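Asker: Quick one: sequence plus predicted model below, questions after.
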Amino acid sequence: MGKLSGKVAIVTGSAQGHGESAARLFAEEGARVVVSDVVDDLGERVAATIGDAAVYRHLDVSDEGAWQRVVDDTVARWGGLHVLVNNAGILEFGGLLDISADDYLRMVRVNQLGVFLGMRAVAPAMMASGGGSIVNIASVDALRGLNGVFAYSSTKWAVRGMSRCAAMELGHRGIRVNVVHPGGMDSPMNADHKDDFDLDRIFGVLPVPRLAQPDEIARLTAFLASDDSSYCTGGDFVADGGWTAGVREQNLPGLY
């Protein structure tokens, strides 16, 4: 029996990257999975290759009505809903003095509003199913300040705050809410910027000197989705290669 046997999950932004890895791992662990995204061709491919345990549904996470349609369809198809992974997100670089209001609000709509709408939409179905687990994907940029990602970081700090409030409100109703904070990941989001930054240099100074692979983050996500984490709620779970612990200073003695 897999650790997610009998559970029904919605994973947003699961056409590629961490979301895809999470959807595949959830199915391997026994869950039935709604693969959701706005990139329909890739999302349909993911669901098709997973097989009968998955179905693809188009979902713009900033669309309140779309959320309700996906939740209603999920419950009608599989009889309940137990897990939501709010993974969909977008990243644009820009500091306080550089980013436009339109770009700022675009990230708010996907990264922040999308998480709020998702939690609100799934909660009644989870309560009717006997409880559940919501896993919100934030970032190490929600744990400390970083220049050049003003809007992105703002939305991820908001995810952290919303998750704690939701954990307080939903815990007595059988729903746990936790946050995963990935560091840099070998994903399409970072690949889009590989020509702008020397990623090997940036991540080479971490205690674990590399980018994470999506499946490494997916395993933490699966833990929080499963009953193995039954006493965890309102928590921050960091998978960042030690980034928030510190980086290696190359010019100090005694280093290897």
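Answerer: Perfect, I can see it now.

Asker: mind checking pLDDT for R24?
Answerer: R24 is assigned a predicted lDDT (pLDDT) of 98.

Asker: give me the element it is part of.
Answerer: Using DSSP states H and E, R24 sits within helix 17-28.

Asker: Now do that helix: everything it contacts.
Answerer: The contact list for helix 17-28, computed with Cβ atoms under 8 Å, 6 or more residues apart in numbering, reads 2, 4, 7, 9, 11-14, 33, 35, 37, 46-47, 50-51, 53-54, 83, 85, 87-88, 137, 182, 185, 187-189, 214-215, 217-219, 221-222, 225. C-beta: built from backbone N, CA, C; applies to glycine.

Asker: how close does A167 sit to R57?
Answerer: Shown here: A167 relative to R57, a distance of 26 Å by Cβ to Cβ, to the nearest Å.

Asker: Quick check: PyMOL command selecting the buried ones in the contacts of helix 17-28.
Answerer: PyMOL command restricting the contacts of helix 17-28 to the buried ones, with burial defined by 16 or more other Cβ atoms under 10 Å:
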select buried, resi 4+7+9+11+12+13+14+33+35+37+46+47+50+53+54+83+85+87+88+137+182+185+187+189+214+217+218+221+222+225
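
Asker: Narrow the contacts of helix 17-28 to those in helices?
Answerer: 46-47, 50, 188-189, 214-215, 217-219, 221-222, 225 (DSSP state H).

Asker: out of those, who's nearest A101?
Answerer: For these, the residue nearest A101 by Cβ to Cβ is M189; the value is 22.4 Å.

Asker: Next one, pLDDT for that closest one please.
Answerer: In this model, M189 is scored at 61, pLDDT.

Asker: number of nearby residues for L117?
Answerer: As a burial measure, L117 scores 20 neighbours (other Cβ atoms under 10 Å).

Asker: R109 versus that one, what's the distance?
Answerer: In this view, L117 and R109 are 10 Å apart by Cβ to Cβ.

Asker: intersection of neighbour lists for the two?
Answerer: With Cβ under 8 Å, 6+ apart as the test, L117 and R109 both reach S62.

Asker: Please enumerate the helices of the stretch 151-256 of the chain.
Answerer: Ranges of helices in the stretch 151-256 of the chain, per DSSP state H, counting those that start in this stretch, are 188-191, 199-203, 214-225.

Asker: got the CA positions of whichever strand or helix holds D41 in PDB?
Answerer: For D41, the enclosing helix or strand under DSSP H and E is helix 40-50. This file holds the C-alpha atoms of helix 40-50, laid out as PDB (Å, rounded to 0.1, in the frame of the first residue of the first chain):
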ATOM      1  CA  ASP A  40      -2.900  22.100 -21.800                       C
ATOM      2  CA  ASP A  41      -0.700  20.100 -24.200                       C
ATOM      3  CA  LEU A  42       1.900  19.400 -21.600                       C
ATOM      4  CA  GLY A  43      -0.600  18.700 -18.800                       C
ATOM      5  CA  GLU A  44      -2.600  16.300 -21.000                       C
ATOM      6  CA  ARG A  45       0.600  14.400 -21.700                       C
ATOM      7  CA  VAL A  46       1.500  14.100 -18.100                       C
ATOM      8  CA  ALA A  47      -2.000  12.800 -17.200                       C
ATOM      9  CA  ALA A  48      -1.900  10.400 -20.100                       C
ATOM     10  CA  THR A  49       1.500   8.900 -19.200                       C
ATOM     11  CA  ILE A  50       0.400   8.500 -15.500                       C
END
